[in-house]
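*Asks:* compute the structure for the input listed below.
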Amino acid sequence: MPDSQAGVGGDSLESSVGHVDATPLRSLAQLGLFDWDLDANRLTWSDELYRIYGYQPGGLSLSLDSFMSHVHPDDRTRVREAVAQTLHGEGAFHHLERICRCDGEWRVVESRGRLVTDSEGNGKRLIGACMDVTDLERSDLLLRTILASIPDAIIVVDVQGEIVLANPATSTMLQIQTDCVGQIADQVLPCLRVFRDYTGAWPTALDDMSAMGRLPHELAIVRADGSEFPAEITIHKMACEQCNLNVIVVRDVSESKTLREQLAFAQRMEAIGRLAGGIAHDFNNLLTVIVGSNDLVLLQTPPDSPIHEHALAIQDAAKRAANLTKQLVAFSRRQVMNAQVLDTNELIRGAQLLFSRVLGNDINFQCDLSEDLQPIEADPGQLEQVLLNLIINARDAMPRGGTMSLSARNCPGVPGDPQRSWVELRLTDTGTGIAAEVLPRIFEPFFSTKDASQGSGLGLAVAHGIIEQMGGRIYVDSAPGEGTTMRILLPVTRNADRSPICDMPTIRGGHETILVVDEDEAVRSIVRRALAVHGYHVLSAAGPREALDIARELSTKIELLVTDAILPSMTGEQLAAILRGTIPDLCVIYMSGNAPLPPLENESSTDKDMFLSKPFFPADLAHAVREHLDRREPKP
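*Replies:* You can find the predicted model right below:
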């Protein structure tokens with residue numbers, strides 16, 4: 001073992017750094033020197049090296065073992081091997097080791113050393129220097145941690161386009177298996193070759209790109225496996241006297257691009273929905289007049305009259321038109337479920353004509369309905385929409401035609417719920433089928449395997465949501481080339497007693513005063529006539545101002561307000577609130593042609609409010625009016 005030697009400023013140290021007084025320089029640079037005289041087996045440290053280890057100069061008995069005792073146990077073997085190799089003439093050593101200062105603090109030291117030999121090549125001294133690089137290591141660790149946490153690919157290149165640094169996201173994003181440091185940037189990012197080829201040299205290309213800051217367009221980045229993704233590329237120049245580097249940042253914008261497309265699609269759908277709702281409102285106003293006038297004709301003509309027969313045809317056509325507007329309303333905004341005890345067979349038979357029109361002549365559509373089908377509780381309009389969505393989806397999978405079958409049967413139980421009874425609807429097609437990797441995603445909103453012009457990716461998502469809202473389940477079984485089977489399970493209702501079909505009860509009239517408010521004159525006219533024939537005193541107004549004037553000047557009390565939900569200058573609810581300021585027990589029926597009335601938020605709203613959807617038959621209106629008026633508390 002070498003002898004201890006404080007030897008501060010000893011000849012050996014001075015001779016290794018020159019004839020000038022190097023002590024202040026070493027202290028300023030925080031550089032500690034050591035010199036191991038191999039012949040004398042004497043180890044010498046500079047003052048700065050003592051300070052690095054936390055000692056006062058001369059405060060440590062120097063030996064190889066005392067030095068190694070300060071080295072972290074995990075680093076000792078590596079340090080011993082490096083020193084031994086240098087002593088055997090195998091080159092200089094350069095490494096980092098962790099040391100424990102005398103105060104117990106762990107630091108990181110960078111050590112360099114080399115062997116000094118005589119003219120015959122015999123080793124005489126091992127000299128070297130040590131520097132405390134703890135702060136640098138911490139900064140480096142912080143930088144590496146930050147780079148590793150950034151999802152964007154960060155690539156630093158020199159003026160020749162060679163990569164000198166890349167963060168982990170680079171290999172992940174570009175699917176590069178090996179470290180890309182040392183490669184030329186356009187080998188990793190082929191899209192950059194356009195700039196290199198255009199300018200003819202990397203320095204010029206990098207200058208041009210960094211001057212732009214962000215490349216003006218999204219670029220298609222090709223991964224190592226040949227797949228592509230859209231990306232934004234930003235380039236920053238980092239220039240100083242010692243280095244001239246460029247930082248290239250690649251951001252995968254696949255998700256944001258998808259979100260932008262979905263937002264744009266949702267905005268288009270909202271605009272179309274608003275248009276559909278507006279059309280439905282106007283059309284329902286027209287249907288209200290047609291249905292109401294035709295109903296009055298039916299009441300005034302004998303059943304054997306040709307006019308009566310024609311009026312019945314008009315009535316049937318008006319009902320079909322009303323169903324069309326209901327679909328427009330359903331498209332324009334989400335509706336509250338109107339669940340009722342339902343005969344599924346009756347619903348399917350009623351919609352078969354609609355299904356056939358959607359399918360066309362090249363698809364053979366078959367129905368197999370079990371006659372003993374148990375009743376379910378569902379919204380008939382929404383269930384019909386589900387079936388329509390599934391049928392359209394199946395149709396698109398059969399571009400050359402084929403066979404489609406819809407069956408309905410009782411299902412006593414299913415795995416996971418064997419005690420419950422279900423009604424199963426099964427739709428089978430002979431189409432192209434669905435790949436196994438696609439099946440898990442078919443109910444995702446906006447997911448579609450069709451071209452953008454053929455579908456929105458919402459049909460199956462809407463169907464799935466409606467079925468779940470009904471308490472049901474939906475399954476899919478498919479394989480490429482083998483067609484697809486969609487199974488819908490709907491729970492059998494516990495309230496299975498169906499009300500017997502009976503004749504319409506006699507319409508009772510009355511003598512109450514009713515105020516009708518609607519901006520459409522034809523609607524006001526048909527509502528006024530439909531109620532007047534039953535003995536009511538009916539007044540009408542085109543808008544809120546006229547309605548308030550009538551109420552102010554009228555000597556008799558208005559007992560019922562029949563108003564459109566949306567009026568020119570205010571809502572029907574706001575009009576009712578004003579009138580209830582002087583008529584607290586006023587009953588109100590709101591009419592709407594495009595959607596159910598939103599939840600009433602005005603504090604004046606009470607259980608005396610009712611909603612009536614346009615179009616309606618005069619008889620339905622008369623029943624609603626009488627029923628609503630009869631709800632009032634009896635007068636003392």
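
*Asks:* so which bits of stretch 418-432 are buried?
*Replies:* 421-432 (16 or more other CB atoms under 10 Å). No exception for glycine: its C-beta is placed from N, CA and C like everyone else's.

*Asks:* packing partners for the host helix or strand of residue 230?
*Replies:* Residue 230 belongs to strand 228-239 when assigned by DSSP states H and E. Other helices and strands packing on strand 228-239, by 3 or more CB pairs under 8 Å, 6 or more residues apart in numbering; DSSP states H and E, are helix 202-212, strand 219-222, strand 244-252, helix 254-300.

*Asks:* circling back to that earlier point, reformat the buried residues of stretch 418-432 as JSON lines; add pLDDT, secondary structure and distance to residue 586.
*Replies:* As requested, the buried residues of stretch 418-432 are arranged in JSON lines below (pLDDT from 0 to 100; DSSP: H, G, I helix; E, B strand; the rest coil; distance: CB to CB, whole Å):
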{"residue": "421", "pLDDT": "87", "secondary structure": "coil", "distance to residue 586": "47"}
{"residue": "422", "pLDDT": "89", "secondary structure": "strand", "distance to residue 586": "47"}
{"residue": "423", "pLDDT": "91", "secondary structure": "strand", "distance to residue 586": "45"}
{"residue": "424", "pLDDT": "92", "secondary structure": "strand", "distance to residue 586": "50"}
{"residue": "425", "pLDDT": "93", "secondary structure": "strand", "distance to residue 586": "46"}
{"residue": "426", "pLDDT": "94", "secondary structure": "strand", "distance to residue 586": "52"}
{"residue": "427", "pLDDT": "93", "secondary structure": "strand", "distance to residue 586": "50"}
{"residue": "428", "pLDDT": "94", "secondary structure": "strand", "distance to residue 586": "56"}
{"residue": "429", "pLDDT": "93", "secondary structure": "strand", "distance to residue 586": "55"}
{"residue": "430", "pLDDT": "92", "secondary structure": "coil", "distance to residue 586": "61"}
{"residue": "431", "pLDDT": "90", "secondary structure": "coil", "distance to residue 586": "58"}
{"residue": "432", "pLDDT": "88", "secondary structure": "coil", "distance to residue 586": "61"}
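
*Asks:* which one of these is nearest to residue 570?
*Replies:* residue 425 (45.3 Å; CB to CB).

*Asks:* beta-bridge partners for that closest one, please?
*Replies:* Counting by DSSP bridges, residue 425 is bridged to residue 408, residue 488.

*Asks:* residue contacts, it?
*Replies:* 344, 387, 406-408, 487-488, 490 (CB atoms under 8 Å, 6 or more residues apart in numbering).

*Asks:* tell me the one among those nearest to residue 171.
*Replies:* residue 487 (44.5 Å).

*Asks:* mind checking the SS state of the closest residue to residue 49 other than its chain neighbours?
*Replies:* Among residues not flanking residue 49 along the chain, residue 32 sits closest, at 2.8 Å (CB to CB, 6 or more residues apart in numbering). Following DSSP: H, G, I helix; E, B strand; the rest coil, we place residue 32 in the strand state.

*Asks:* possible to save the contacts of residue 425 as JSON lines with neighbour count, pLDDT and distance to residue 467?
*Replies:* Shown next, in JSON lines, are these (neighbours: other CB atoms under 10 Å; pLDDT from 0 to 100; distance: CB to CB, whole Å):
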{"residue": "344", "neighbour count": "23", "pLDDT": "89", "distance to residue 467": "13"}
{"residue": "387", "neighbour count": "22", "pLDDT": "90", "distance to residue 467": "11"}
{"residue": "406", "neighbour count": "23", "pLDDT": "93", "distance to residue 467": "15"}
{"residue": "407", "neighbour count": "16", "pLDDT": "93", "distance to residue 467": "17"}
{"residue": "408", "neighbour count": "20", "pLDDT": "92", "distance to residue 467": "15"}
{"residue": "487", "neighbour count": "17", "pLDDT": "92", "distance to residue 467": "10"}
{"residue": "488", "neighbour count": "25", "pLDDT": "91", "distance to residue 467": "6"}
{"residue": "490", "neighbour count": "25", "pLDDT": "90", "distance to residue 467": "7"}
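
*Asks:* adding distance to residue 508, write the buried residues of stretch 418-432 out as JSON lines.
*Replies:* Formatted as JSON lines, these follow (distance: CB to CB, whole Å):
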{"residue": "421", "distance to residue 508": "41"}
{"residue": "422", "distance to residue 508": "42"}
{"residue": "423", "distance to residue 508": "39"}
{"residue": "424", "distance to residue 508": "44"}
{"residue": "425", "distance to residue 508": "41"}
{"residue": "426", "distance to residue 508": "47"}
{"residue": "427", "distance to residue 508": "46"}
{"residue": "428", "distance to residue 508": "51"}
{"residue": "429", "distance to residue 508": "52"}
{"residue": "430", "distance to residue 508": "56"}
{"residue": "431", "distance to residue 508": "55"}
{"residue": "432", "distance to residue 508": "60"}
